[in-house]
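J.: turn this into a structure:
(chains A, B, C and D, ligands or ions: 4)
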Amino acid sequence: MTPQSSAHQTQSTETNAVELRQLNIRFDTDGGEVSAVNGISLTVQPGEITAIVGESGSGKTVTARSLLGLLPDNARTDGAVVVDGHEVTALSKAQLRALRGRNAAMVFQEPSTALNPVYPVGWQIAEGLRAHRRISRKEARAEAVEILRQVGIPEPEKRVGHYPHQFSGGQKQRVVIAMALVLRPSVIIADEPTTALDVTVQAEILDLLRRCRDKLGAAIVLITHNMGVVADLADTVAVMYRGDLVEQAPVEKIFAEPEHDYTRRLLGAVLRLGEGKERRRSTTQIAEAGAEGHGDDQATEPGPAVEAEDLRITYPGGLGRPDFTAVQGVSLTVPAGRVLGLVGESGSGKSTIGRAVAGLTPVAGGALRVLGRSVVGAKERQLKKLRRDLGFVFQDPASSFNPLLTIGQCLAEPLVVSGEAGSANAARPRVAELLDAVQLPAAFADRFPHELSGGQRQRASLARALALRPKLVIADEPTSALDVSVQAAVLELFQSLQREFGFAAIFITHDLAVVDLVSDQVAVLRSGQLVEHGPVDDVLSAPQDPYTQRLLASVPVPDPAEQRSRREALSSPGN
Amino acid sequence: MRYIIVRFLLIIPTVFILVTMVFVFMRIIGDPITAAQGGRLSAAQLDQMREAAGYNRPLVVQYFEYLGQILRGDFGTTLSDNRPVTEVLVTYGSATVELVFYGLIVAFLIGIPLGMIAAAKRDRWPDAGLRLFAILAYATPVFFLGLLLKLVFSVWLGILPTSGRASSRTRIELSRMEDPTGIYLIDAIRVGDLSDVADVLQHAVLPATALGLLTAGVFLRLVRTNMIGTLAMDYIDTARSRGVSEYRLVRKHAYRPALIPIVTVIGMQTAMLLGGAVLTETTFEWRGLGFQLTHYLSARDFIAVQGIVALLAVIVAVTNFLVDIIVALIDPRVRY
Amino acid sequence: GGGNGDDGGNGGAEGGGGGDILIGTTDVKVAIDPAGSYDNASFLIMNQVYPFLLNSRPGESEVEPDIAETAEFTGETEFTVTLKEGLTFANGNELTSSDVKFSFDRQTEIMHENGPAYLLGNLESVETPDEQTVVFHLAEPDQTFPQVLSSPVAPIVDEEVFPADELLPDDDIVAEQAFAGPYVIDDYSFNDIVTLSPNEAYDGLLGAPENDSITIEYFSESSNLRMAVEQGDVDIAYRTLLATDIDDLRDAEGLNIVEGPGGEIRYLVFNLAIMPYGSETEEADPEAALAIRQAVADILDREEISEQAFLDTYTPLYSFVPEGLPGANQALMELYGDGNGGPDPDRAADRLEEAGVETPVELHIEYGTDRYGEASADEYAMIRDQLNDTGLFDVTIQSTEWTQFTEERTQDIYPVHQLGWFPDYPDADNYLSPFFHSENFLANHFSDEEVDEALIEQVTEEDPEEREAKIEELQYMVGEHLPTLPMQQGSQIAVTADYIDGVVLDASFKLRFGSITAE
Amino acid sequence: MSTTTPSEKPSHTPSEVPGTASARYSWRRLPVIRQLRQSVGVQRGMLITGLVIVGLMVAAALLAPLITPYGPSQLRGETDLFGARQAPSAEHWLGTTAGGYDVFTRTIYGTQTALLVIVVAVAFSLFIGVALGLLSGYYGGWIDRVLVVIADAIYAFPTLLLAIVTAIVISGGSSSLWGGILATSVAITVVFVPQYFRVIRAETLRIKTEAYVEAARVIGTPTVRIMARHVLRNATRSLPLLVTLNAAEAILTLAALGFLGFGIEPSAAAEWGYDLNRSVSDVSTGIWWTSLFPGAAIVLMVLGVTLVGESLQDLADPRLRTRRRTDSEAPQATASAPASGGGAAAGAPKGTGPSEIGPN
Ligand SMILES: Nc1ncnc2c1ncn2[C@@H]1O[C@H](COP(=O)(O)OP(=O)(O)OP(=O)(O)O)[C@@H](O)[C@H]1O
Ligand SMILES: Nc1ncnc2c1ncn2[C@@H]1O[C@H](COP(=O)(O)OP(=O)(O)OP(=O)(O)O)[C@@H](O)[C@H]1O
Ligand SMILES: [Mg+2]
Ligand SMILES: [Mg+2]
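T.: Numbering: from 1, shown residues only, chains lettered A, B, ... in the order given. Ligands and ions are numbered 1, 2, ... in the order given. Below is the predicted model of the structure:
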């Protein structure tokens, strides 16, 4: 509480909530010193919501943590970090402790790990109170109940004694926010507070954060890479790129007239719902042409690539637990050469269906025909034949390659296994072709997976899926691990390959904008059941099912003006 | 609840497999008659005795006979010294339990706080010193450590007894009491003679230290690693960002979650402890199960060996079972 | 060392009379049903708490009537014993001839695998003409039978307490106080602690004990026993301290070492079938095989071994019958080596050359790891060393865990192997017949009619002097053949606190507690 | 578990020229060496100390005949016996044992026995444990259940007692050098197999669900090929650690067996546990050299191996590893790997992903 004696030149009458001046952060790592943040300066006014955006690794988290002096041991900082009038880097341990929570509080990305699993949430909330104020256990508890009520936890009196695992992901994030709010801090730092959450839940959390600002007047530093979230919540935006702050401006200005090159690229890569329409029109024509081309080779007109009827998939329940039904009564078809987008919230059974189509998960009931063959109850040997015509692209490009094999060896695997090539060496020419198809230099064949960037890896993954010229490709969230800019490139590649090879595809994603971009048809899943299935234009522009409607409405639009009007439209009749 | 039952029922196959294994092993390695009389009787005489004792019958027959016996709850009588196996188990089992208990106390008292200190002072000199201590404690064979302890504390300083669970006077006194528990400390307290209690405790110091140090080394390393791991968890940073003090972070936030894997490992360590106790028991004349087992093994007393192994297996299984329950108490996420 | 233990472990000088005495031992296994155990530790107790028909006084090994009035041969195969009048057990039950008959019948009935029943192999039946008289009928004439009656097979038990056809658990025996020896057991905690106190009812050869109580404490590690006696936690350490400890304690203040002749012997067994040139080998040649055995006898330096490996707790043994028993001589000293017990490699070389044996002779010697003490390893390492050092032999040694060893020793696997012997009763015959009769337990294929005859002759010879002569002759006779090679004789050793008196270790190999006193 | 670890590093592409891939299989990527290069500060000190101790032990074992003046079972000099329990002197630097052997010679030769036992025991357990763990984990089903129950049962058995029983069963109690070593090794193997089994099975279960295994399955790779090429090679990441820990345990078990009289006899080979057992009684008589040296040898050997194991564990776990400070004297890394990625991932080994041992 000691007022800052050193006055600084650019100071107005009002103190800034946060002020960074020439902040440098470096890390000692195995590979030597790494500079994470290079001399950035940034100010946040009280009551202002500032979003920090930027691609992964650009230094957002590190910057946020420096505000509370929470950097790991191997970090070194210089420059000034002033929070609520205190110079953080100069504080003693005790002063730092007094600052944390009281002047500035933090909300972390992953709510499930931000709560200590072995203590009740009430205890954890009260702990913060008791760390800063002399307060009886009872009073602390009362305050905890009150704050839980404010963040919208139902029956707070009862829930206050519950353990973290007894809450859902969204509720956990509310509790984390409650923990930050209860001390009425001047600054709330939220590091990707909604990345781990589904869109519908995300919308509620964003709403909560906005209320915090409105009611408490707290300044909020929001870190995110989702431009929709930015548009929804932020007043000002700071763009970071490789440790530099390249631009800071009011949100409208950023979206309307981005100054920096990188900002423009970033915005350009952002997908918007409805954008896919025109593209699709041309795509369809080409795809049809492609299908016809194939038709020339084949004697018969190909049937649908996938036909599922009343599909039911269960996972064995283990000792003493009943089997878990992950998918129930799903019927859908994927015509040859077409792309089906499969969307739904986390745990709704998207991957399960994809895996079942590839024969990786046994089907418990119903009918499932893939490329004309039934896979229900099929033997491994029969599946093998089928799999020659299947390609699979996995969510995480890093883990889908055996880290001990080179990219070339990985790509050669399908060829060797199917007998198309005698050895990895013999397959080299074909591997080079494949790499070329996904626009990677042939020399990459000798690299190990970890020596490629994420985007490059995902390209390689596509190449592997295409190695045997499949008729059906299953792509399970192939871009969700990628940055927006990289995502756009990979999606574009996917589309062009689809056009070129004319394969049918099931494209699994939770991002409606992606579906809009790549697919012809869309299927919406909820808790293992199909709630809507149809051509993408129909479903996205005129959703029939209320769930689909809510899903669409929850997606923030990466345009501040439009998002504001949408929000107002939503809240006036609803709330 | 259901889980508890399943967990509990799993003890049965474990014990069954062990008993079977031991049965087969024991029949391979010779019979008690040869062991006892082989040095003075002719082969023919020995054969005759084996015939009479029924050891010449097919193994399967003997095996099922033995299983039948066990199912009736009859563990038989030891072959080499004609004592009911149940009595053997009670006498020596309680001794081993007492020793392991003391050892665990020492291990806890030393291992856990030092592990926490090492974690807090990570990679600085107290940590390096403590880790070296832990490794040395583990690297020194119990019998060597026991030897050194005895040399220093009994022979040179003369302040502690060299061996045994109590002096003979106390032992006689305790053996005279009605239905003794076999756990000397409890019995001594029940007798109510303070000098007896002191005597029992004095005798326990060295064995408990020897066994405890070994285990403390393991605990220290375990606690350290887990504390460091837990201190890196997000919720620690979250709590820190609320202004919770560092001391409290270690004591409250890291300690309990770090305890969970430790408790689990302790369960698994019981087997090791019982095994480690064999050497401690031998070194300090602590007549417990492990000690006795090596005896019966040399005597090829399969009835006794089978009985003891079955009991050890049950102890280990039950400990692991209890550990699961303790973990459930510490960790609210696990509820059955 | 010495002094008083302060933790109550010392019963030493307290109490009146001869005091309360604490004996520590490392002998394991005590089961006090005479039909179910046959080992030193158990017999040590049985010998104090059960009465015998015949027994020996402290300091002697000749047997005399104990609870008997008279005991003598009343025919070639008939031995008659008359009991004293009015004998009772400590529990008040009467001790009559029927108890005696019961005790022996019970042994043969149970024939327990751990018991000594086979000692009664020659006993055909027991008759009880009246309450006081017992008549034993033997199958063959046997002058050693009186000794058998003082052996572990012969304790008299209470027929009202013991079941006739199965063992009685120790605790029941104690609870029923079925004792009629000089002592009764007060406290009994298996293999841990046993407390004895004098038995008022005893009226036999050994007389009333001179001490107030005896407590035996069992140790498993001899080093612990050693420390206990050194620190005064026990008054007497009896069986078995390591040689090192004894050697070290010899000079310790406040401690005495009591020594006596030991019945235990260590010897090498030659398997006449599979040793080099043995009867079953390809180049079978009895002469050459004998020459090899004799050469071994020439070379081995028992003195050196007993000094280094046993620190003189064993003494060199130059005959099959150990020193101290009537009839024992030093036949092998004369027959082999330098004639004074020392080695003579040249003589061995000549012997081998004469017999046309190719040198070096490859010889494998096997020994047991645990049965005969850990010094076995040192002993056999030295044997190998001594033999190989002459250049005449190429010896390999190997050890095997006891049970396996003893199983294999009769299966013609070991050309030469180790064994040891502890007598059933102190009689020279016990060192001869079991070993050298054609049906010996060694199964080393030794068989010689002359020896067989001589063995029977000595055992049936009624005149003691004649018998001794025959036994001496027999030792020379066997010495020529050398089916076994005696190596060492153990001595009995007790370490006592200096205030302890009356520990007598004699050729009966029994320690009688009654004579022990503490000042 | 911990913070998210974005694996995306779009802005950095490795600068290495293609074609050097095979060179990167070089010795630098070998397990221990890679960690040695990676380590720093206390952890490096520990690792180096451990390696030096183990190295000295190996050298002692190999060069034993050159270092020692006598043979391990030699009792006699030129003319006379050495004598038992002789104090250290010019002829016998560390004195002689109760059996009359030269302590120095036997202590040095003891390394041979210890190392032989470690190698044989660890090789056996590795082979069997890995094979079973792989089968069990990959196929699952009843084989898995049976194997798990058996492994757990064995695991529940006190190790030392199990070792004793096995030693008797295997050798019939015989104690020739190889008989003894085999018996002890097999005994130790029986104890260790469940550990390897567990680790490999758990790894296999984890790897089985890894995307790259699924990827292999989707293209129809035969099971055997999957197991060999994908599962096995990736499942072995925690083995170096387990091997060192087990090596330490093997020495202690060997010593304990020797101590209890079930080990290797002195005439067959020099074994510390046995020598220590024989010297227990010497200590109280003031003869310290017979027990001190074999005892110290055991402690030293276990210390060395455990130090290596512990530091490997530290280095493998990003949470436990200390990082180089640039301003410290520690030499700079060759820094071929670009430093990026957030949090813990930055600490993950740059070479092979599988060598990091997760916090689970
Ligand atoms: N503990 C650490 N040790 C070493 N380097 C680190 C550490 N934490 C962060 N870095 C480095 O600092 C840089 C910035 O990381 P930061 O976590 O701030 O990125 P970010 O912008 O939050 O990315 P993301 O969107 O992936 O969370 C990265 O290059 C990262 O490698
Ligand atoms: N191996 C498994 N065993 C048991 N249950 C499983 C298993 N795999 C998935 N489930 C359950 O099945 C349901 C559907 O899972 P699935 O992976 O298909 O979801 P998803 O829609 O792909 O979610 P996400 O977007 O998080 O990937 C979930 O509730 C999940 O918990
Ligand atoms: Mg971040
Ligand atoms: Mg999924």
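J.: what's around residue 58, how many residues?
T.: No chain in the question, so chain A it is. 25 (other CB atoms under 10 Å in any protein chain shown). Where C-beta positions appear, they are placed from N, C-alpha and C, glycine not excepted.
J.: switch to chain D, that's the one I care about
T.: By other CB under 10 Å, 14 other residues sit near residue D:58.
J.: check contacts around residue 194.
T.: Using chain A here. Counting by CB atoms under 8 Å, 6 or more residues apart in numbering or on different chains, residue A:194 touches A:173, A:201, A:202, A:205, A:206, A:224, A:226, A:229.
J.: please refer instead to chain C.
T.: Here residue C:194 is in contact with C:30, C:45, C:185, C:187, C:188, C:215, C:216 (CB under 8 Å, 6+ apart).
J.: again with residue A:248
T.: Residue A:248 touches A:42, A:236, A:237, A:238, A:239, counting by CB under 8 Å, 6+ apart.
J.: against chain A, how distant is the residue most central in space within chain C?
T.: Nearest to the mean C-alpha position of chain C, counting by CA atoms, centre = their mean, stands residue C:422 at 2.8 Å. With distances taken as CB to the nearest CB, to the nearest Å, residue C:422 is found 58 Å from chain A.
J.: around ligand 2, pick out the residues from the stretch 251-360 of chain D.
T.: Residues of the stretch 251-360 of chain D lying close to ligand 2 by CB under 6 Å from any ligand atom: none are found.
J.: pLDDT wise, what is the residue of the stretch 301-450 of chain C found nearest chain D at?
T.: Per CB to the nearest CB, residue C:401 is where the stretch 301-450 of chain C lies closest to chain D, at 2.3 Å. In this model, residue C:401 is scored at 81, pLDDT.
J.: ok, it touching residue D:260?
T.: No - here residue C:401 lies out of contact with residue D:260, judged by CB atoms under 8 Å, at a distance of 11.2 Å.
J.: neighbours of the residue nearest to residue C:248 when sequence neighbours are not counted, how many?
T.: In space, and not counting its chain neighbours, residue C:248 is closest to residue D:285: 4.0 Å by CB to CB, 6 or more residues apart in numbering or on different chains. When neighbours are defined as other CB under 10 Å, residue D:285 has 18 of them.
J.: list the contacts of residue D:285.
T.: Residue D:285 neighbours (CB under 8 Å, 6+ apart): C:244, C:245, C:248.
J.: which strands or helices does the helix or strand encompassing residue A:506 pack on?
T.: Element membership for residue A:506 (DSSP states H and E) is strand A:504-508. Identification of packing neighbours for strand A:504-508 by 3 or more CB pairs under 8 Å, 6 or more residues apart in numbering or on different chains; DSSP states H and E yields strand A:324-334, strand A:339-344, helix A:350-357, strand A:472-476, helix A:512-518.
J.: using JSON lines, lay out these together with mean pLDDT, mean neighbour count and distance to chain D.
T.: Below are the helices and strands packed on strand A:504-508 laid out as JSON lines (pLDDT from 0 to 100; neighbours: other CB atoms under 10 Å in any protein chain shown; distance: least, CB to the nearest CB, whole Å):
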{"stretch": "strand A:324-334", "mean pLDDT": "90", "mean neighbour count": "19", "distance to chain D": "15"}
{"stretch": "strand A:339-344", "mean pLDDT": "92", "mean neighbour count": "26", "distance to chain D": "17"}
{"stretch": "helix A:350-357", "mean pLDDT": "90", "mean neighbour count": "24", "distance to chain D": "8"}
{"stretch": "strand A:472-476", "mean pLDDT": "92", "mean neighbour count": "26", "distance to chain D": "8"}
{"stretch": "helix A:512-518", "mean pLDDT": "87", "mean neighbour count": "25", "distance to chain D": "17"}
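J.: which one, of those, ends up nearest to residue B:48?
T.: Of all the helices and strands packed on strand A:504-508, it is strand A:324-334 that lies closest to residue B:48, at 65.3 Å by CB to CB.
J.: show me what counts as buried in stretch C:359-367.
T.: Buried positions in stretch C:359-367, judged by neighbour count with 16 or more other CB atoms under 10 Å in any protein chain shown: C:359, C:361, C:363, C:364, C:365, C:366, C:367.
J.: do it and chain D meet?
T.: No - shown here: stretch C:359-367 not in contact with chain D (CB under 8 Å from any CB of the partner chain), separated by at least 8.6 Å.
J.: would residue D:53 count as being in a helix?
T.: Yes - using DSSP: H, G, I helix; E, B strand; the rest coil, the secondary structure at residue D:53 is a helix.
J.: count of neighbours near it?
T.: The local packing of residue D:53 (other CB under 10 Å) involves 19 other residues.
J.: so who does the residue nearest to it when sequence neighbours are not counted touch?
T.: Spatially, and ignoring its direct neighbours in sequence, residue D:53 is nearest to residue D:304 (2.9 Å; CB to CB, 6+ apart). For residue D:304, the contact set (CB under 8 Å, 6+ apart) comprises D:49, D:50, D:51, D:52, D:53, D:54, D:56, D:57.
J.: check residue C:57 too.
T.: Per CB under 8 Å, 6+ apart, neighbours of residue C:57: C:64, C:205, C:206.
J.: let's see the ChimeraX selection covering just the buried ones among these.
T.: Buried residues among these (16+ other CB under 10 Å), as a ChimeraX selection:
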select /C:205,206
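J.: among the contacts of residue C:57, which lie within strands?
T.: If you go by DSSP state E, those have residue C:64 in strands.
J.: looking at the contacts of residue C:57, spot the one nearest ligand 2.
T.: The closest of the contacts of residue C:57 to ligand 2 turns out to be residue C:206 (CB to the nearest ligand atom; 81.0 Å).
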